[in-house]
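**Student:** Structure for the following, please:
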Amino acid sequence: MMNKLLRRSIQVSMVIAIGALAVAATTAVFQLTKNQIAADIWRDRTRQLVDENQQLADRYNRAVRYSAVTELLVDEDSIEVVLRTPEGVLKTIPTDFDPSNEIHIDLILRNGRAWFRQVLEEPRREGREPLFIDPRLTEIDWTDPEVLQGQRVYHGGLTPGRWVVSVSGHGAMRLTRVDDEDASYELVHAPQVHEFSEIERDASNKLNEVSHRDVLSRIFGLE
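**Tutor:** Next comes the predicted model:
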């Protein structure tokens, strides 16, 4: 009787030990698998975030990239406007504007492009009317759905040298002086402009802790 009880006790102990080992092994395997799945999920989410950041960077670069649309050649008491077509410099137009006054340059954003419209002097003096570059842009039909808006940049007291008028991808203008030997830009005709909608994203949502749902989805192939 004692031998039977002892054998049964040993058998029960072995079953319990084997069961404990099986549970421990299963737990270890599950944890290892979960860690591997978590690493995969984090890698996928990080790759997605990197892709989104690259798209954002590309859109930002297009928005802020400036294209030179014309230039002003300024002497002590005179200003000339340089016009250009895609084929090259078209002509140089002398003006009677005084560079010591404010010189204004207008663009029209129409049909997805920035069109160089006019140069004028402020305050206006008698006999010195605005210089319209393209007669077709003298009068603007503001009811035309292709006409977005006008833009203006101006500067007072232009010093002698070359002053470049440029426009960014979303229509912002600037007027800057460049060195005479600077050939790092090219004048372009009616560069494209775009409307850039705000990109809304929350990086924290992309890098959350791995959930049980993520793990189960990977295990059972529910993705």
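**Student:** what's the closest non-adjacent residue to residue 170?
**Tutor:** If you skip the residues right next to it in sequence, residue 170 has residue 63 as its closest partner in space, 5.0 Å away by C-beta to C-beta, 6 or more residues apart in numbering. C-beta here means a position set from N, CA and C on the backbone, and glycine is covered the same way.
**Student:** what's the burial count for residue 171?
**Tutor:** Here the number of neighbours of residue 171 (other C-beta atoms under 10 Å) works out to 20.
**Student:** ok, and the closest non-adjacent residue to it?
**Tutor:** If you skip the residues right next to it in sequence, residue 171 has residue 193 as its closest partner in space, 4.5 Å away by C-beta to C-beta, 6+ apart.
**Student:** SS state for the residue nearest to residue 170?
**Tutor:** When states are read from DSSP: H, G, I helix; E, B strand; the rest coil, the local structure at residue 63 comes out as helix.
**Student:** One more: residue 58?
**Tutor:** Following three-state DSSP, we place residue 58 in the helix state.
**Student:** Compute the distance between it and residue 90, please.
**Tutor:** With distances taken as C-beta to C-beta, to the nearest Å, residue 58 is found 33 Å from residue 90.
**Student:** what ranges do the strands span in the chain?
**Tutor:** Counting by DSSP state E, the chain has these strands, from start to end: 66-74, 79-85, 88-94, 102-110, 113-122, 131-132, 147-156, 161-168, 173-178.
**Student:** Helix or strand with the lowest mean pLDDT in the chain?
**Tutor:** helix 203-206 (a mean of 42; mean pLDDT, DSSP states H and E).
**Student:** Residue 167 against residue 117, yeah?
**Tutor:** No. Counting by C-beta atoms under 8 Å, residue 117 is not a contact partner of residue 167; they are 11.8 Å apart.
**Student:** of the two, who's got more company?
**Tutor:** Under the criterion of other C-beta under 10 Å, the comparison of residue 167 against residue 117 puts residue 167 first, with 28 against 22.
**Student:** list the contacts for residue 107?
**Tutor:** With contact taken as C-beta atoms under 8 Å, 6 or more residues apart in numbering, residue 107 is in contact with 69, 114, 115, 116, 117, 150, 151, 152, 167, 171, 173.
**Student:** And the furthest pair within these?
**Tutor:** The span of these, defined through C-beta to C-beta, is set by 69 and 150 at 14.0 Å.
**Student:** More neighbours: those two, which one.
**Tutor:** Neighbours per residue, other C-beta under 10 Å: of residue 69 and residue 150, the larger number sits with residue 69, 22 against 17.
**Student:** ok, now how distant is the more buried one from residue 104?
**Tutor:** If you go by C-beta to C-beta, the gap between residue 69 and residue 104 works out to 14 Å.
**Student:** again, but for residue 58
**Tutor:** To residue 104, residue 58 is 33 Å away according to C-beta to C-beta.
**Student:** who has more neighbours, those two?
**Tutor:** Between residue 58 and residue 104, counted using other C-beta under 10 Å, the more crowded position is residue 104 (18 against 10).
**Student:** If we ignore the residues flanking it in sequence, what's nearest that one?
**Tutor:** Spatial nearest neighbour of residue 104, chain neighbours left out: residue 154 (4.0 Å); criterion: C-beta to C-beta, 6+ apart.
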